[in-house]
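# Structure here, sequence nowhere to be found:
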């Protein structure tokens, strides 16, 4: 069965096409409460599963392998990203021992072959009880989405406001112990790392604070200041000297490569030995536009242009007669390494929450009013996997567009606080669906 595609095994697990309870190789009894959400092969195959293991409820990730030895073959035992795995699912158990995570934890294993409803090579004919990548087995409120979509969007927007307030509270706490410029700088780098490289970006912001970076760049101006900032940030990221592959990502001229590498050697001596390890970055399935080299170059544009005055630049944009256009001009139009789509995400996730927190701290009512107005009117972005999955889980075949950035942020908030921890009965969408069904039943009885 070594040639059986792993995707077939994933489909069988995803749709619970096996008898329960399962018994592991170490004689533990397992019941699958929730199989988790398929990750498209980015890290463990299923995240946020819920299992009953010998009567104890356990949450974590699931790794699907053809052979049990695939765990070590793929070096999952050395990858901290697999330290939340609570079960290995295989169809060829070629080991006599449990595999081990990088944190030392043992992972129980089940050979699904004897428990499947039908042979694994017939998995493609399994009914699509639950398509790969979906959150739940049935949509939450498709009838409401079809008949009263405004009620759904209202909940999304209010949830977006909650997410915004959580961000504002977190930023206010950070400003109690760090300068506003450092907090904004850290937030921008965090967002430039997106979901998969946030941690190494945070390390750069921590190891190379903006005030020290500004001191190193003093005396430089124009293009020299940018290339110096790029050298310092790329050097701290562990990308220097450039490999041919990394140099091609930046599309540098030979003279530019030399200027960047010299900047790190001559200006970055205080940080030599503190570089982020190259293995810290996630580069698998990263598009060139999302590669850390380009993201750090985007950060270097912002830092070199404004440095320690980055907060003042934000305030200037927000007090412009056309503040949203001014923000986009600053973040995207003046930055060849960052497109408008990603600039929109920075505005929503970093700049507006920071502006509100800073406006409250500095008691700048005009700044607060402008930030609030932009938040209320900002259109939706291009969305992401989380927003699309959550929307589909709520609406089913009656799909709704979020319509606003507030609603998109609300979808993320509902996913993180309801879908992922499976707190369905606390979710306002669930309450809405129940109330809607009760009202519909009452109207039917009256008829």
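Structure received. None of the values given here were measured: they were computed from a predicted structure.
# What is the burial count for residue 14?
25 (other Cβ atoms under 10 Å). Quick note: C-beta positions are derived from backbone N, CA and C, even for glycine.
# which residues touch it?
Residues near residue 14 by Cβ atoms under 8 Å, 6 or more residues apart in numbering: 35, 38, 46, 130, 132.
# mind checking how far stretch 228-236 is from the chain centre?
25 Å (Cα atoms, centre = their mean, to the nearest Å).
# What average pLDDT does it get?
Mean pLDDT, computed over stretch 228-236, is 97.
# Can you pull the phi/psi pair for the most centrally placed residue in the chain?
What sits nearest the mean C-alpha location of the chain, by Cα atoms, centre = their mean, is residue 195, with 3.0 Å. Residue 195 adopts backbone torsions of phi -80, psi -30, taken as degrees, to the nearest 10.
# which ones are touching it?
Here residue 195 is in contact with no residue (Cβ under 8 Å, 6+ apart).
# tell me the helices in the stretch 201-350 of the chain, going along the chain?
Using DSSP state H, counting those that start in this stretch, the helices of the stretch 201-350 of the chain run over 210-217, 222-236, 244-250, 254-267, 292-306, 310-318, 323-328, 340-346.
# if you compare those helices, which one is most tucked away?
The highest mean neighbour count among the helices of the stretch 201-350 of the chain, using mean count of other Cβ atoms under 10 Å, belongs to helix 292-306: a mean of 24.
# any idea of the angle that helix forms with helix 222-236?
Angle between the axes of helix 292-306 and helix 222-236 is 140 degrees (criterion: axes from the mean of the first three to the mean of the last three Cα atoms, to 10 degrees).
# angle of helix 292-306 against helix 210-217?
80 degrees.
# same for helix 292-306, what does it pack against?
helix 180-192, helix 198-207, helix 210-217, helix 222-236, helix 244-250, helix 310-318 (3 or more Cβ pairs under 8 Å, 6 or more residues apart in numbering; DSSP states H and E).
# Check what contacts it and list those residues.
Contacts of helix 292-306 (Cβ under 8 Å, 6+ apart): 185, 188-189, 192-194, 197, 200-201, 204, 210, 213, 217, 225-226, 228-230, 232-234, 237, 239, 246, 249-250, 281, 283, 286, 288, 310, 312-313, 331, 334-338, 342.
# low-confidence ranges in this protein?
1-4, 121-129, 438-447 (pLDDT under 70).
# Quickly list the domain ranges of it.
Using automatic domain parsing, the domain parsing of the chain gives 6-125, 155-377.
# Of all those domains, which one is nearest residue 393?
Residue 393 lies closest to domain 6-125 among these, at 9.8 Å (Cβ to Cβ).
# From the chain's centroid, how far away is the closest one?
Relative to the chain's own centre, domain 6-125 is displaced by 23 Å; criterion: Cα atoms, centre = their mean.
# Who are the packing partners of the longest helix belonging to the chain?
Scanning the chain for the longest helix, with DSSP state H as the assignment, gives helix 149-175. In terms of contacts (3+ Cβ pairs under 8 Å, 6+ apart), helix 149-175 is packed against helix 142-147, helix 180-192, helix 352-362, helix 405-414, helix 428-446.
# switch the cut-off to 10 Å
Helices and strands touching helix 149-175, by 3 or more Cβ pairs under 10 Å, 6 or more residues apart in numbering; DSSP states H and E, are helix 142-147, helix 180-192, helix 352-362, helix 365-377, helix 385-395, helix 405-414, helix 428-446.
# Could you check the angle the second one makes with helix 352-362?
Between helix 180-192 and helix 352-362, the angle formed by their directions is 170 degrees, by the same axes, to 10 degrees.
# Now residue 39. Its backbone dihedrals?
Here is the backbone geometry of residue 39 (degrees, to the nearest 10): phi -100, psi 10.
# what's the burial count for it?
18.
# check contacts around it.
10, 45-48, 61-62, 132-133, 385 (Cβ atoms under 10 Å, 6 or more residues apart in numbering).
# let's go with 7 Å and repeat that
For residue 39, the contacting residues are 45-47, by Cβ atoms under 7 Å, 6 or more residues apart in numbering.
# for residue 379, same thing?
Counting by Cβ under 7 Å, 6+ apart, residue 379 touches 404-405.
# So it versus residue 406, what's the distance?
From residue 379 across to residue 406, the span is 10 Å (Cβ to Cβ, to the nearest Å).
# Equivalent analysis for residue 320, please.
22 Å.
# Who has more neighbours out of the two?
Using other Cβ under 10 Å as the criterion, residue 320 and residue 406 rank with residue 406 on top: 24 against 15.
# Excluding sequence neighbours, find me the nearest residue to the more buried one.
Leaving aside its sequence neighbours, residue 406 sits nearest to residue 160 (Cβ to Cβ, 6 or more residues apart in numbering; 3.8 Å).
# can you count the residues close to the one you found?
Residue 160: 24 neighbours (other Cβ under 10 Å).
# so it makes contact with residue 403?
No: between residue 160 and residue 403 there is no contact under Cβ atoms under 7 Å: 11.1 Å.
# burial measure for the closest residue to residue 428 other than its chain neighbours, as a count.
In this structure, residue 428 finds its nearest non-sequential neighbour in residue 155, 5.0 Å apart by Cβ to Cβ, 6+ apart. Other residues lying near residue 155 total 21 when counted by other Cβ under 10 Å.
# cool, and residue 242?
Quick note: residue 242 (other Cβ under 10 Å) scores 17 neighbours.
# Quick one: residues contacting it.
257, 261.
# and the gap between it and residue 376?
According to Cβ to Cβ, residue 242 stands 45 Å off from residue 376.
# Same check on residue 28?
52 Å.
# Comparing these two, which residue is more hemmed in?
Using other Cβ under 10 Å, the more surrounded residue of residue 28 and residue 376 is residue 28, with 16 against 12.
# List the contacts of that one.
So residue 28 contacts 53-54, 108 (Cβ under 7 Å, 6+ apart).
# can you do 10 Å?
Going by Cβ under 10 Å, 6+ apart, the list of residues near residue 28 reads 21-22, 53-54, 56, 87, 108-110.
# Do me a favour and get the backbone dihedrals for it.
phi -100, psi 140.
# Kindly report the same for the one 4 residues further on.
For residue 32, the backbone dihedrals are phi -90, psi 110 (criterion: degrees, to the nearest 10).
# Which strand residues bridge it?
On the basis of DSSP bridges, residue 32 is bridged to residue 51.
# Give me the neighbour count for it.
20.
# Can you name the residues that contact it?
13, 16, 18, 20-22, 49-52, 62, 87, 89, 110.
# hmm, which of these are the buried ones?
Among the contacts of residue 32, the ones that count as buried by 16 or more other Cβ atoms under 10 Å are 13, 16, 18, 22, 49-51, 62, 87, 89, 110.
# Can you give the distance of stretch 132-142 from its chain's centre?
On Cα atoms, centre = their mean, the centre of stretch 132-142 falls 20 Å from that of its chain.
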